[in-house]
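Undergrad: Next come a sequence and a model predicted from it.
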Amino acid sequence: MWKRGKSMKFDFKILDIFKLPTRIMCVISIVTGAILFLPENFIRKTYMFNLRNNMGSIIGLGFYISNADIIVKIVRYIGKYYREKYSIKKFKKDTKKRLLELDDYQKNIVYSLYKKHNHTKELPMYDGAVVFLKQNLIISITANYYPAQDLEDPVIPFMLNPWVLEIIKNNKDLLSEFERINENRKKYN
């Protein structure tokens with residue numbers, strides 16, 4: 001609670017202006033721009049004439065700073081948008097190649113998930129191939145909490161990610177490669 005005799009502390013740093021949300025910077029830009037550029041008769045009617053004449057340079061500085069901040073934020077947003085689009089395009093371009101570069105054990109895991117009706121199967125959580133497939137966004141964990149019988153080597157459900165399903169369905173040669181690897185594994189086991 002505020003007590004009599006104590007003053008409120010007002011700590012202002014010039015860099016704090018740049019931390020304001022974009023919508024507030026837009027408001028500052030519009031208001032300062034209006035004060036600077038509206039016709040004199042309108043400014044007189046709104047009692048802003050003396051403010052514009054006495055503080056015009058500060059208002060102008062506020063106008064330039066707010067507009068510059070808005071432009072920088074817009075450019076960063078556009079750059080981020082196109083960077084994400086490029087990353088997704090690059091990711092999709094190399095998907096078939098990445099699936100073909102998997103080792104035989106990893107291909108067997110992917111094929112076994114593909115053959116399941118719901119593309120979900122319990123896999124050992126700490127298996128290196130499973131971890132690799134998860135980190136490369138080929139498979140995903142389907143449950144946050146899952147009871148494990150063996151705490152040394154827990155088995156939890158994983159699912160094949162939709163983009164992998166799409167690539168396998170649309171590429172018969174990739175599917176035949178996965179089937180061939182699976183048949184070879186069956187022969188030697």
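TA: In hand now; what should we look at? Residues are numbered from 1 along each chain as shown.
Undergrad: Mind listing residues that contact stretch 38-53?
TA: I35, L36, I59 (C-beta atoms under 8 Å, 6 or more residues apart in numbering). Backbone N, C-alpha and C define where each C-beta goes, glycine included.
Undergrad: switch the cut-off to 6 Å
TA: I35 (C-beta atoms under 6 Å, 6 or more residues apart in numbering).
Undergrad: Span of it from start to end?
TA: Chord length of stretch 38-53, first to last residue, is 13 Å (C-alpha to C-alpha, to the nearest Å).
Undergrad: Next, the buried residues of that stretch.
TA: I43, M48, R52 (16 or more other C-beta atoms under 10 Å).
Undergrad: So which of these is the closest to V72?
TA: Closest approach between those and V72, by C-beta to C-beta: R52, at 26.6 Å.
Undergrad: In which helix or strand does the closest one reside?
TA: helix 49-93 (DSSP states H and E).
Undergrad: what's the answer for L137, then?
TA: For L137, there is no helix or strand it lies in under DSSP H and E.
Undergrad: Can you read off the backbone torsions of it?
TA: phi 60, psi 30 (degrees, to the nearest 10).
Undergrad: So which residue is dead centre in this structure?
TA: The structure's the chain has its C-alpha centroid closest to E84; by C-alpha atoms, centre = their mean the separation is 8.1 Å.
Undergrad: which residues in this protein form strands?
TA: Along the chain, counting by DSSP state E, strands occupy 120-124, 139-141, 155-160.
Undergrad: now for those, which one comes closest to K13?
TA: strand 139-141 (44.0 Å).
Undergrad: Low-confidence ranges, this protein, go.
TA: For the chain, residues meeting the criterion pLDDT under 70 lie at 1-10, 12, 146, 148, 150, 186-189.
Undergrad: Kindly recompute the last result at 80.
TA: 1-18, 92, 143-153, 184-189 (pLDDT under 80).
Undergrad: Report the separation between the residue nearest to the centre of the chain and V75.
TA: Going from E84 to V75 by C-beta to C-beta, to the nearest Å gives 15 Å.
Undergrad: F158 now?
TA: 40 Å.
Undergrad: quick one, which of the two is more surrounded?
TA: Between F158 and V75, counting by other C-beta atoms under 10 Å, F158 is the more crowded of the two (24 against 10).
Undergrad: Contacts only, for the more buried one.
TA: Going by C-beta under 6 Å, 6+ apart, F158 touches L123, I139, I141.
Undergrad: Next, the contact list for the first one, please.
TA: Put plainly, it is L123. Contacts for L123 (C-beta under 6 Å, 6+ apart) come out as V130, F158.
Undergrad: Try it again at 7 Å.
TA: Contacts for L123 (C-beta atoms under 7 Å, 6 or more residues apart in numbering) come out as I109, V130, V155, F158.
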